[in-house]
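Novice: got a sequence here, can you build the structure:
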Amino acid sequence: MTLPDDAWDLQVALMDHLEGRWRDPDNGLWEMRGPRRRFTHSKVMAWVAADRMVRAVQDAGLPGPARRWEQLRDDIHADVLTHGYNHERHTFVQCYGGTDPDASLLLLPRLGFLPGPDPRVLGTIAAIQRELTPEGLVLRYRTETADDGLPTGEGVFLACSFWLVDALHHAGRERDAIALLERLLSLRNDVGLLSEEFDPVTGRQLGNTPQALSHVPLVVSALQLGQHRPHQSDQAMRPLSLKATVGR
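Specialist: Modelled structure (predicted):
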């Protein structure tokens, strides 16, 4: 399908803005109320923007400075690997120069930033499972150590747990991915819906209910496991009934 010219022009304008601002600190995916920082996930998403714009030129024939965007993409990728990865802890970290992991980093293979079996991705999965996964479900980050302007403590974030399903699948751990997906499906309420968070101690759903951010990754996880192949966000997915995956 051909995009209208005005839609592409808007994307190019946004890309021009990103070229000059991607190094700036921000408040991150979780909109933290503390000081602005250079969040690793934010830099990865800047890489995604450059990568997809290059692909739009190369694959769809849309007009644009592909070589300049390729260089930008490569520069951001190198910057993240240099500043967003902690070699001593063998994990990507929430912020440049930090030590704490963040559940958003589970998205790296889904976004195509690194392959799932890459040792840096495997180390990140291990760190998140070790430090952010009470009772087998995933927290966004450690509120006790984060300067986020909020009181400490919250439930596990269900979207993040589905991201772990995908990361495990990308890493070749399909059996673990299926087991986690089935557990997450068991948390649905009497009408099959999920909230934003869950308390694994009391077994109660918490936060906004129902929550689209919990249901969209459920569908993605079920589809990719049903197709027996990892899925990246720039790849088309064939329609599949959830029945093909649930209860396998």
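
Novice: low pLDDT regions in the chain?
Specialist: Along the chain, the parts satisfying pLDDT under 70 run over 1-4, 234-248.

Novice: helices of that one, start to end?
Specialist: 5-21, 40-60, 66-83, 108-111, 119-131, 158-170, 174-185, 212-226 (DSSP state H).

Novice: closest to Arg204 out of the ones you listed?
Specialist: helix 158-170 (12.6 Å; C-beta to C-beta). Any C-beta I mention is one placed from the backbone N, CA and C, and that applies to glycine too.

Novice: packing partners for that closest one?
Specialist: helix 108-111, helix 119-131, helix 174-185, helix 212-226 (3 or more C-beta pairs under 8 Å, 6 or more residues apart in numbering; DSSP states H and E).

Novice: for Trp69, which of those helices is the nearest?
Specialist: helix 108-111 (16.5 Å).

Novice: isn't Leu122 right next to His170, touching?
Specialist: No: the criterion here is C-beta atoms under 8 Å, and Leu122 misses it with His170 at 10.0 Å.

Novice: who's more crowded, those two?
Specialist: His170 (27 against 18; other C-beta atoms under 10 Å).

Novice: Gln227: neighbour count?
Specialist: 14.

Novice: contacts for stretch 123-142 next, please.
Specialist: 30, 89-92, 94, 100-106, 108, 148, 154, 156-158, 160-161, 163-164, 167-168, 171, 180, 183-184, 198, 200-201 (C-beta atoms under 8 Å, 6 or more residues apart in numbering).

Novice: can you tell me which of those are buried?
Specialist: 30, 89, 91-92, 94, 100-106, 108, 148, 154, 156-158, 160-161, 163-164, 167-168, 171, 180, 184, 198 (16 or more other C-beta atoms under 10 Å).

Novice: quick one on the thing from earlier: tell me which of the helices and strands packed on helix 158-170 sits most buried.
Specialist: helix 108-111 (a mean of 22; mean count of other C-beta atoms under 10 Å).

Novice: find the nearest non-adjacent residue to the residue sitting nearest the centre point of the chain, please.
Specialist: Taking C-alpha atoms, centre = their mean, the centroid of the chain lies closest to Leu107, which sits 2.9 Å from it. Nearest-residue entry for Leu107: Trp163, 5.8 Å, with adjacent residues in sequence omitted and distances by C-beta to C-beta, 6 or more residues apart in numbering.

Novice: correct me if wrong: the one you found contacts Ala103.
Specialist: Yes: with contact defined as C-beta under 8 Å, Trp163 counts as touching Ala103 (6.3 Å).

Novice: show me the contacts for the nearest residue to Gln205 once chain neighbours are set aside.
Specialist: In space, and not counting its chain neighbours, Gln205 is closest to Ser195: 3.6 Å by C-beta to C-beta, 6+ apart. Ser195 sits next to 158, 189, 205-211, 214 when contact means C-beta under 8 Å, 6+ apart.

Novice: quick check: phi and psi at the nearest residue to Pro210 once chain neighbours are set aside.
Specialist: Nearest non-adjacent residue to Pro210, counting by C-beta to C-beta, 6+ apart: Leu193, 4.1 Å away. The phi/psi pair for Leu193 (degrees, to the nearest 10) reads phi -110, psi 160.

Novice: same check on Leu29?
Specialist: According to degrees, to the nearest 10, Leu29 has phi -60, psi -40.

Novice: to what extent is it buried, counted in neighbours?
Specialist: Quick note: Leu29 (other C-beta under 10 Å) scores 16 neighbours.
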